[in-house]
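Asker: Need a 3D model of the following:
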Amino acid sequence: MSATENTQPTERARRLARWTTFAEVVRRVVDEPEIGARAWLRTTAGVVVLLVALQLCTGLLLACYYVPATQDAHTTVAFIEKAVSGGAWLRALHVYGSVLLPCVLVLHLLQKLWRGTHRRRPVAWLGSVALLALVFAAGGTGYTLAWDARAYYTTHVAEGLVRGLPVIGASARLWLLGGPVISTLTLSRFFALHALVLPFLILTTIIARLFIFRDQNAHDADMTTHDVTHSAQTIDNRPTHTSWLRAQLARNAVVSAAVFIALALYAAKYPAPFGPAADSVPVEYLPRPGAQFLWLFELLKHTAGASASFIGLILPGLIFALLALAPWLDRRAQAVNTLRRRAPALFVSVLSLLVLGLTALALFDDAHDPRTRDQLARQATAEEAFRRAPFIPQRARPADMNSAAAQTTDATNANTQATANANNPPPAAYTQNCAKCHGAHGEGVRPNPKLIGIAEQPHRTVEDIIAILNDPSAYDLQKPMTSFANKLTDDEKRQIAEWIEGLR
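Answerer: Sure thing, here's the model as predicted:
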């Protein structure tokens, strides 16, 4: 090889350093060169980058077709699944990518712990922990957007967890739902969190890691004797930095390509779950969350109220706080105290095994309960039949027409509703017991919800409304809504329910 060929990589690197910040980014991100199996273990970072980029790109494409409204969301997702070329595969990539990404991030944290880099590179460690927390939040908000049966129950569970928080529970629930009940405001709020706020925070975390914050030199005085000795041995045996960097990029490319191919083939073979619309959820439907949340679902089976909020929200927050503090919790560990040095790694390993065990237990319970197994099989068959059926567009609504026609129709509808209310006055039992909170004609008195259109929500049939009057807590309705089981006769309850059902 000629001398000119030997200098080409150097000249290329100099041009990059002169015109870009590439050299500075590499200096901030790249740790000490490793060789052999340890170098391959560090390819988790490349897979994380791949999956984050994949989630952002597929999410952007899906958002081009999505409408965050309770009457449109399920239809637009069905349109993506059935009518958009490659839409089902694209959505499956996004859904399964959201399951795989936290798993890879946990592996990324484990390899940092076992290599001891969390002590000498705390900024990189904090960035990875923050990214894991944001990814879990993105996965949780994303399940609501399909507005199928799973989405409705997921939102209902999230509402209950937030409501159970001490002191701030009631206010946080109102903010999360955008009102006293689950509605279009709830869906649009979850969409804003999932598609705008959380991606912004994820990108901000990555940019801050690359361009703003940096770790101290790997050989500062706070390193343990073992770390210094290992670092010196690695430097003596490592290849040149430039050649190692090229080789490591190649390793990351190979592993990332293998992960993408496997994910793409899996998404092509197994479409993402998509159940019946939220407003037509059968009573016997059994919702199941994504695989990354099955462990939490298993824990929440045995809790309620404040204890459920602790397990679902406070406990994960404490775990992430402990993970973030790991570089400082074992900073004074002595090199001879192997157990203490490995305590954070053991903690994450045990936590991972616990999550895997609870996930396996949830799957085992479903597979070995005959009624549950049969119901889940019926749901899978119904989903498959739905996928094979042609896409049925929504009937045009007044808002979809031209402006003049829409205004005319809206005025006609308003007059019709006013006439209907005049011709169909509320029952006397409603006026005496319900009007003070829900308005004389169901229009609502703040902060109590309006009743107009409530029959379009899931589980608000005439029979459901009668059941609510008898026992509001069975439908998770809180005070000031009280039971009228002993205050109204059966005929009065039915009159109220049928009148409310007619409010459109």
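Asker: Sort out which residues of the one helix or strand residue 371 maps to are buried, please.
Answerer: Under the criterion of DSSP states H and E, residue 371 resides in helix 370-388. Buried residues in helix 370-388, counted by 16 or more other Cβ atoms under 10 Å: 375-376, 379, 383. The way it works is simple: take the backbone N, C-alpha and C, and place the C-beta from them, glycine included.
Asker: Helices of the stretch 351-500 of the chain, residue ranges please.
Answerer: Taking DSSP state H, counting those that start in this stretch to define them, one finds helices in the stretch 351-500 of the chain at 370-388, 403-423, 428-433, 435-438, 462-470, 490-501.
Asker: in stretch 447-466, what's buried?
Answerer: Neighbour-count burial for stretch 447-466 [16+ other Cβ under 10 Å]: 449-452, 454-455, 458-460, 462, 464-466.
Asker: and the strand or helix carrying residue 101, average pLDDT?
Answerer: Residue 101 belongs to helix 87-115 when assigned by DSSP H and E. Per-residue pLDDT over helix 87-115 has a mean of 92.
Asker: quick one: it to chain centroid distance?
Answerer: Centroid displacement of helix 87-115 relative to its chain, using Cα atoms, centre = their mean, to the nearest Å, is 13 Å.
Asker: elements contacting that helix?
Answerer: helix 37-41, helix 44-63, helix 73-82, helix 122-142, helix 241-269, helix 343-368 (3 or more Cβ pairs under 8 Å, 6 or more residues apart in numbering; DSSP states H and E).
Asker: one more time with 6 Å, if that's ok
Answerer: helix 44-63, helix 73-82, helix 122-142, helix 241-269, helix 343-368 (3 or more Cβ pairs under 6 Å, 6 or more residues apart in numbering; DSSP states H and E).
Asker: Show me the domain layout of this structure.
Answerer: As assigned by automatic domain parsing, the chain contains the domains 25-386, 425-501.
Asker: Which of the helices of the stretch 351-500 of the chain comes out lowest on mean pLDDT?
Answerer: Mean pLDDT is lowest for helix 403-423 among the helices of the stretch 351-500 of the chain, at a mean of 47.
Asker: hang on, the earlier thing: out of the helices and strands packed on helix 87-115, which is closest to residue 434?
Answerer: Residue 434 lies closest, by Cβ to Cβ, to one member of the helices and strands packed on helix 87-115: helix 73-82, at 30.3 Å.
Asker: now the closest one against helix 87-115, angle please.
Answerer: Counting by axes from the mean of the first three to the mean of the last three Cα atoms, to 10 degrees, helix 73-82 lies at 90 degrees to helix 87-115.
Asker: Return the set of buried residues in helix 73-82.
Answerer: 73-82.
Asker: roughly how far is that helix from the heart of the chain?
Answerer: 19 Å.
Asker: Which neighbouring elements make contact with that helix?
Answerer: Here helix 73-82 touches helix 87-115, going by 3+ Cβ pairs under 6 Å, 6+ apart.
Asker: tell me which residues in the following helix or strand past the helix it packs on are buried?
Answerer: Following helix 87-115 in sequence order, the next helix or strand is helix 117-120 (DSSP H and E). For helix 117-120, burial by neighbour count (16+ other Cβ under 10 Å) applies to 117-120.
Asker: ok, now stretch 45-58?
Answerer: Residues 45-48, 50-52, 54-55, 58 are the ones in stretch 45-58 that count as buried (16+ other Cβ under 10 Å).
Asker: can you check stretch 282-300 too?
Answerer: Buried-residue list, stretch 282-300, by 16+ other Cβ under 10 Å: 285, 287-300.
Asker: Same question for stretch 138-154.
Answerer: Buried-residue list, stretch 138-154, by 16+ other Cβ under 10 Å: 138-154.
Asker: Other residues contacting it?
Answerer: When contacts are defined by Cβ atoms under 6 Å, 6 or more residues apart in numbering, stretch 138-154 is touched by residues 73-74, 77, 98, 155, 190-191, 193-194, 198, 274-276, 278, 281, 285, 287, 292, 458.
Asker: which SS class is the nearest residue to residue 183 once chain neighbours are set aside?
Answerer: Sequence neighbours aside, residue 70 is the residue nearest to residue 183 in space, at 6.5 Å (criterion: Cβ to Cβ, 6 or more residues apart in numbering). Following DSSP: H, G, I helix; E, B strand; the rest coil, residue 70 is assigned to coil.
Asker: start at 48 instead
Answerer: I'll keep to 48 as the first residue from here, and by that count the last item is residue 117.
Asker: Residue 117 contacts residue 232, correct?
Answerer: No: Residue 117 lies out of contact with residue 232 (Cβ atoms under 6 Å); the separation is 9.3 Å.
Asker: more crowded one of these two?
Answerer: Taking neighbours as other Cβ atoms under 10 Å, residue 117 and residue 232 compare with residue 117 leading, 22 against 15.
Asker: re earlier: need the max-distance pair from the buried residues of helix 120-129.
Answerer: Going by Cβ to Cβ, the pair spanning the buried residues of helix 120-129 furthest: 120 and 129, at 15.0 Å.
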